[in-house]
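Novice: Sequence and predicted model, in that order:
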Amino acid sequence: MRIKSIDIKNFRSYYGENNHFEFSNGLTLILGDNGDGKTTFFEALEWLFDTTSERANLSNVSEMRKSKLEIGEHDEVYVAMTFDHDGEKMVEKSFSIVKTGHDTYSVSNASYHGYETNGIERESVDGKQLITRCYDSFIRRFSMFKGESDLSVFDNAASLKTLVDKFSDIHKFDGLVANTDSFEQKANKALLQEMKSDDKISKETKSLELQMTRLSGEIQQNKEDIKDKKDAIATFSSNLNKLEQNQETSEKYRDIQERLKTKTSKKTQLMATIKKKDYNHCLLDEYWILAPFGDVLTEFKQKCTALSKERRVQEKNFDKQQAAAKAKLETIKEIQGALVNGATELPWYLPNQETMEDMINDHICKVCGREASEGSDAYNFMVHRLEEYRAHVEAKCKRDAAIKSIDEESLFKNDYITELHSLSISLSGPEESKIFGISGEIDDWLNLVALRKNELKDVEEDIQDLQDEKARILIQAGNVSESLLESQFNDIKGWYEQKERASVRLSQLEDELENNISKMDELKEQMNNLNPANSQVKILKKVHKVLEEINKAFFRAQKDNLRRFLTELEKRANEYLDKLSANDFHGTVRLVQTANDSTEIHLYSSNGTEITNPSGSQKTVMYISVLFAISDFTQEKRDEDYPLFFDAATSSFGDSKESDFYNVIDKIDKQCIIVTKDFITRGKVREEDINKLTCSVYRIKKVDGFDQTNMATIRTIINKIK
């Protein structure tokens, strides 16, 4: 679509019917000072393209024309556009006005008329349908912009989705994903039903199904909660950003922003340090559970040493007692021997028992050779001697047994104390150092964490102070009354606090979701590993697995298609950004998809730092670059290009930035109609700068001699400069 001309009659300040604009294929500038009719021109086009209402509005009628009408006289208001779109076409929106009294008027409903050339014939068509067919509302959303604030076309959450549906193939996957998802669910339902009827695995299946159903509900709730938190954070950010934009030129505000950025970065680092170790994992993985064992080991070693020492003392005393008893027996033995030897008698063991028994039986003393008849003193002596021998032998046996018993007797019959002492020794050395090291490691870490927490507390207090100070600046920038100052301060302060709480909760919810998904995967794996007796279950398992993989493939393809579309759009936008800011810093555009199927346009430095508060001109060029990229997609996908309309889109540009911008736009092969007060200084056009451009240029201005208090004296005239 290429606009060839626009005619305006009696629409507000455009009095009469000689208000004609012709447009080139590239850039056309319409220059006007404040109050000259720039916005009126733009709103005349908006009125023309608005097919939703046919009700005429008396406020759109030229005050000058109304003042010149006589009672009963009528005229019309119209805006007409001639354009090429598969041939020349024209559309006109108009309504009539009649003066019915001194200050009363009647207007008809607005009507559309359309014409298109069919070969050499010019045919009348429905004007509404013609606009809808050639320049629908969606395309207008991305091609008509009133002021710099209107350039952010993605503030509306539905904009990206609509854009993607129009210009990418992702919508083709919607039905495929929905169908395969439905098939996969039906297959899963049939599989579960069959598994529950299998006696071998019925019980396990029902148990796993119950757990999966509960977990599925938790996962769904996690996702809904995450979406709610992201929406809340986006709302808080949007509200705060709108306030922050009012303070771009404030040195104090920028200083606070820089300090806040530094403090926030420090807070992130401190929180990362504090959360570096997961105490639950460290308990076993890093043996922190052994931390109190050092004291236990020390006490154990002390007790083992004390037991060993006590055993040695008791054994020493026991040995003394045994030695004394043994010595006593030996002494008795020696004394007895000495007594025998001292009496010059034969030792008790001479003669031996066998010899004495023979002498008694033979009635003869074989020591002296004399006879010893039975009953004689000699005989009785030998009998007595034999009895003493036997008594001595018995006593000797008892003494020897007592000595042997003393030698064999032990105070400690088991080696438990020795074993404990050996264990104590084995736990010493490297093992002991390792155990004591764990306790030291924990103490060091806890001390470090305590130190970092104290630092974090100080940093958070600093951040809060900075946010409070920033909130005060934002409020003061709005020139609010003293009575509202405190209440608005609390509102803004509350936004920061709520955003912070929402961010913390979002992180927790994302961790919960990840954990629940992991649990669900484990349950699915357990379900898949069940070994059924029914062969039908095995078949349904395979069917379900295939459908599940197909569904995942379509879902991935859908996401990949969207990612490729955004990547290409981002690439095109950056190409335009380079052109439009060739002599100025501009960064790079990034299109970030959000959870709401929307997108956000961000500006980044090449070192990866986000430009969180770009200047007005940087934002304008950024948005225009994206819009030009979208226009390229429109041309490629629909095989038709569309013009771009801008009303005062560069009001934040300086003179040098402004000149560079228009020089670049002038060379881009794209129809652009820009209504602006650029190139006008103190009411006069800077012809030297205009002559550097090759585009068409119009100058609109109020006719001189108007009454500053009477709108009926205001009329816009059009002069084509080049």
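Specialist: Received, thanks.
Novice: Surely T52 is in a strand?
Specialist: No: under the criterion used here (DSSP: H, G, I helix; E, B strand; the rest coil), T52 is coil, not part of a strand.
Novice: who are the neighbours in contact with it?
Specialist: T52 makes contact with no residue, according to CB atoms under 8 Å, 6 or more residues apart in numbering. Where C-beta positions appear, they are placed from N, C-alpha and C, glycine not excepted.
Novice: ok, it to G35 distance?
Specialist: Distance from T52 to G35, counting by CB to CB, to the nearest Å: 29 Å.
Novice: Ok, I364 next?
Specialist: 172 Å.
Novice: Over to K571?
Specialist: 42 Å.
Novice: So for those two, which sits in the more crowded spot?
Specialist: Neighbours per residue, other CB atoms under 10 Å: of K571 and G35, the larger number sits with G35, 14 against 11.
Novice: three-state assignment of that one?
Specialist: The local conformation at G35, judged by three-state DSSP, is coil.
Novice: give me the number of residues near E258?
Specialist: 11.
Novice: Which strand or helix spans it?
Specialist: Secondary structure assignment for E258, by DSSP states H and E: helix 251-274.
Novice: Give me the mean pLDDT for that helix.
Specialist: Averaging pLDDT along helix 251-274 yields 79.
Novice: Test for you: state the pLDDT assigned to the residue nearest to N691 when sequence neighbours are not counted.
Specialist: Spatially, and ignoring its direct neighbours in sequence, N691 is nearest to K722 (7.8 Å; CB to CB, 6 or more residues apart in numbering). On pLDDT, K722 comes in at 86.
Novice: Check whether K722 really touches S696, as I assumed.
Specialist: Yes: between K722 and S696 there is a contact under CB atoms under 8 Å: 6.6 Å.
Novice: ok, these two, which is more surrounded?
Specialist: Shown here are K722 and S696; by other CB under 10 Å, S696 has more neighbours (19 against 13).
Novice: List the contacts of that one.
Specialist: E22, F23, S24, L27, T28, L29, K720, K722.
Novice: Distance check, the fifth one against K677.
Specialist: The span separating T28 from K677 equals 16 Å under the rule CB to CB.
Novice: from memory Q129 sits against G114, does it?
Specialist: Yes: at 7.3 Å, Q129 counts as touching G114 under the criterion of CB under 8 Å.
Novice: Show me where the stretch 451-600 of the chain has its strands.
Specialist: Secondary structure of the stretch 451-600 of the chain (DSSP state E, counting those that start in this stretch): strands located at 588-593, 599-604.
Novice: which one of those strands lies closest to Y14?
Specialist: Y14 lies closest to strand 599-604 among the strands of the stretch 451-600 of the chain, at 35.1 Å (CB to CB).
Novice: for the helix or strand that that closest one is followed by, packing partners?
Specialist: Where DSSP H and E defines the elements, the next helix or strand beyond strand 599-604 is helix 616-638. Contacts defined by 3 or more CB pairs under 8 Å, 6 or more residues apart in numbering; DSSP states H and E place helix 616-638 against helix 157-167, helix 535-580, strand 588-593, strand 599-604, strand 644-647.
Novice: Helix 616-638 versus strand 588-593: what angle between them?
Specialist: Counting by axes from the mean of the first three to the mean of the last three CA atoms, to 10 degrees, helix 616-638 lies at 60 degrees to strand 588-593.
Novice: which parts of helix 616-638 are buried?
Specialist: 616-634 (16 or more other CB atoms under 10 Å).
Novice: just checking, L577 touches S625?
Specialist: Yes: using CB under 8 Å, L577 is in contact with S625, at 4.1 Å.
Novice: Within the sheet, what are the partner strands of the host helix or strand of R699, with directions?
Specialist: Taking DSSP H and E as the criterion, R699 maps to strand 696-702. Sheet pairing for strand 696-702, assigned by DSSP bridges, gives strand 27-31 (parallel), strand 716-720 (antiparallel).
Novice: Show the average pLDDT along it.
Specialist: On average, strand 696-702 scores 93.
Novice: so how far is that strand off the chain centroid?
Specialist: Chain-centre distance of strand 696-702: 52 Å, with CA atoms, centre = their mean, to the nearest Å.
Novice: what do you get for stretch 15-23?
Specialist: The answer for stretch 15-23 is 56 Å, by CA atoms, centre = their mean.
Novice: And the contacts of it?
Specialist: Contacts of stretch 15-23 (CB under 8 Å, 6+ apart): 2-10, 28, 30, 62, 64-65, 643, 671, 673, 696, 698, 715-716, 718, 720.
Novice: repeat that for 7 Å
Specialist: Stretch 15-23 is contacted by residues 3-10, 62, 64-65, 671, 673, 696, 698, 715, 718 when judged by CB atoms under 7 Å, 6 or more residues apart in numbering.
Novice: Quick one, which of those are buried?
Specialist: 3-4, 6-10, 62, 64-65, 671, 673, 696, 698, 715, 718.
Novice: List the ones among these that fall in helices.
Specialist: Using DSSP state H, the subset of those located in helices is M64, R65.
Novice: right, and out of the buried ones among the contacts of stretch 15-23, which lies closest to T180?
Specialist: The closest of the buried ones among the contacts of stretch 15-23, once distances to T180 are taken by CB to CB, is Q671, at 43.4 Å.
Novice: what's near enough to touch the nearest residue to that closest one once chain neighbours are set aside?
Specialist: In space, and not counting its chain neighbours, Q671 is closest to P643: 4.1 Å by CB to CB, 6+ apart. By CB under 7 Å, 6+ apart, P643 lies in contact with M1, R2, I3, S143, Q671, C672, I673.
Novice: Tell me where the model's unsure across the stretch 551-700 of the chain.
Specialist: Along the stretch 551-700 of the chain, segments meeting pLDDT under 70 span 582-583, 594-598, 613, 615-616, 635-640, 651-660.
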